[in-house]
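Asker: Sequence first, predicted coordinates after that:
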Amino acid sequence: MSTYTDIKEECCQANLLLPVYKLVDLTFGNVSVADRNKGVFAIKPSGVDYPALRAKDMVVVDFEGRVVEGRLRSSSDTPTHRRLFLAFPDIRAVVHTHSRNAVAFAQAGRPIPCLGTTHADYFYGEVPVTRTMTPEEVRGDYEWETGNVIVERFRDRDPQEMAAVLVRNHGPFVWGPGGAQAVERALALEIVAEMAMKTLQLAPETPSIPQALLDKHYKRKHGATAYYGQKDIP
C-alpha cells in the first residue's frame, strides 16, 4: 500500500472540483497537495481528462523535484508548484486554473481591484499580477521561472493575506492550507474577477473599497480576531 494515500486522495478530490466549479476547460489546470512532514507533494498527472482521474493516478514528487511515486507523467506545471511550496512554507496546496475572467485580467496585465466586500472576504486588497517573463526565462526552465516571477512579486506581500496571483499572459495561481480550501479560493477569485470586470464596464472610474471596510471584512474572517463562522459544529 502507498505511504502517500492521504495526500493522493485529497489531491484527486480537489482536482475533481475544478470542472464542477467550471474553473477549467479541457484538461487545463491542476491542484497539488503537500505532506510537509514527508517532504513531498501529490499533483495531477499531465493531460488526463478530469472524469478519468483516480487517486492512484496522482503523481508524488519530492521537494527536490524527483518523482517518488506514480506511473504517469506529472503536470507540466509541477516545477511552478514546487517553487511555491519552497518559497511559502505555510501553504499545503496550490491550484492553477485557466478560469476565464481571471485569465482576462492576466492577459490584460491588470491586477484585480478590490472594489467590494465579496473580494475583501477572501483577499486583502487587489490581486497582484506578475511582470512579463523575459525571452530568456521562457526559453529556459520555463515552469520553474514562472514560479520565480510569482515569488518575486511577493517580496513585499504576505502570501497568507494574499493567497492568489495572476501570472502575466497566463493565468491564476492560488494556494491554501488544504486542497478543498485552495480550490474554494480559486472559485472566489473567479467570482470577484467577474464582478470587477462587470463593475468596471458599468463605471470605469470605480474606486477601490475604503480601507476601513477592507480591514473589517478581511479580518473578521481571517487572523487572531476573526469571528465569522462557527468554531465547533457538533
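Answerer: Looks like it came in fine.
Asker: Unless I misread the structure, residue 17 falls within a helix.
Answerer: Yes - checked against DSSP: H, G, I helix; E, B strand; the rest coil, residue 17 lies within a helix.
Asker: Excluding chain neighbours, what is closest to it?
Answerer: residue 183 (4.7 Å; CB to CB, 6 or more residues apart in numbering). (C-beta placed from N, C-alpha, C; glycine too.)
Asker: what kind of secondary structure is the one you found in?
Answerer: Under three-state DSSP, residue 183 comes out as helix.
Asker: for it, what are its contacts?
Answerer: By CB atoms under 8 Å, 6 or more residues apart in numbering, residue 183 lies in contact with 14, 17-18, 21, 23, 31, 95.
Asker: contacting residues around residue 13?
Answerer: Here residue 13 is in contact with 55, 179-180 (CB under 8 Å, 6+ apart).
Asker: ok, now residue 176?
Answerer: So residue 176 contacts 91-93, 95, 163, 182, 184-185 (CB under 8 Å, 6+ apart).
Asker: who wins for most neighbours among the contacts of residue 183?
Answerer: residue 95 (32 neighbours; other CB atoms under 10 Å).
Asker: For that one, grab phi and psi.
Answerer: Dihedral angles of residue 95 (phi, psi; degrees, to the nearest 10) stand at phi -120, psi 130.
Asker: again with residue 89
Answerer: According to degrees, to the nearest 10, residue 89 has phi -70, psi -10.
Asker: Skipping adjacent residues, who's closest to it in space?
Answerer: residue 36 (7.7 Å).
Asker: Can you report how many residues neighbour that neighbour?
Answerer: By other CB under 10 Å, neighbour count at residue 36 equals 13.
Asker: That one touches residue 92, doesn't it?
Answerer: Yes - at 7.0 Å, residue 36 counts as touching residue 92 under the criterion of CB atoms under 8 Å.
Asker: thinking again about what came up before, want to throw the contacts of residue 176 into JSON lines with pLDDT?
Answerer: Listed next are the contacts of residue 176 as JSON lines, based on pLDDT from 0 to 100:
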{"residue": "91", "pLDDT": "97"}
{"residue": "92", "pLDDT": "97"}
{"residue": "93", "pLDDT": "98"}
{"residue": "95", "pLDDT": "98"}
{"residue": "163", "pLDDT": "97"}
{"residue": "182", "pLDDT": "97"}
{"residue": "184", "pLDDT": "97"}
{"residue": "185", "pLDDT": "97"}
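Asker: ok, the residue most central in space within the chain to residue 2 distance?
Answerer: Taking CA atoms, centre = their mean, the centroid of the chain lies closest to residue 174, which sits 1.4 Å from it. When CB to CB, to the nearest Å is the yardstick, residue 174 and residue 2 sit 27 Å from each other.
Asker: how about stretch 57-75: buried residues?
Answerer: Neighbour-count burial for stretch 57-75, counted by 16 or more other CB atoms under 10 Å, picks out 57-61, 69-70, 74-75.
Asker: export that stretch as CSV, just CAs?
Answerer: C-alpha atoms of stretch 57-75 as CSV (Å, rounded to 0.1, in the frame of the first residue of the first chain):
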residue,chain,number,x,y,z
ASP,A,57,-3.2,8.4,-10.8
MET,A,58,-1.8,11.3,-8.7
VAL,A,59,2.0,11.7,-9.0
VAL,A,60,4.0,12.2,-5.8
VAL,A,61,7.1,14.4,-6.2
ASP,A,62,9.6,15.4,-3.5
PHE,A,63,10.7,19.0,-2.9
GLU,A,64,13.9,18.3,-4.9
GLY,A,65,11.7,17.6,-8.0
ARG,A,66,12.2,13.8,-8.0
VAL,A,67,9.1,11.6,-8.7
VAL,A,68,8.8,9.2,-5.8
GLU,A,69,5.6,7.5,-6.7
GLY,A,70,3.4,7.4,-9.8
ARG,A,71,3.2,5.6,-13.2
LEU,A,72,2.1,8.7,-15.1
ARG,A,73,3.9,11.9,-16.1
SER,A,74,3.2,14.7,-13.6
SER,A,75,1.6,18.0,-14.6
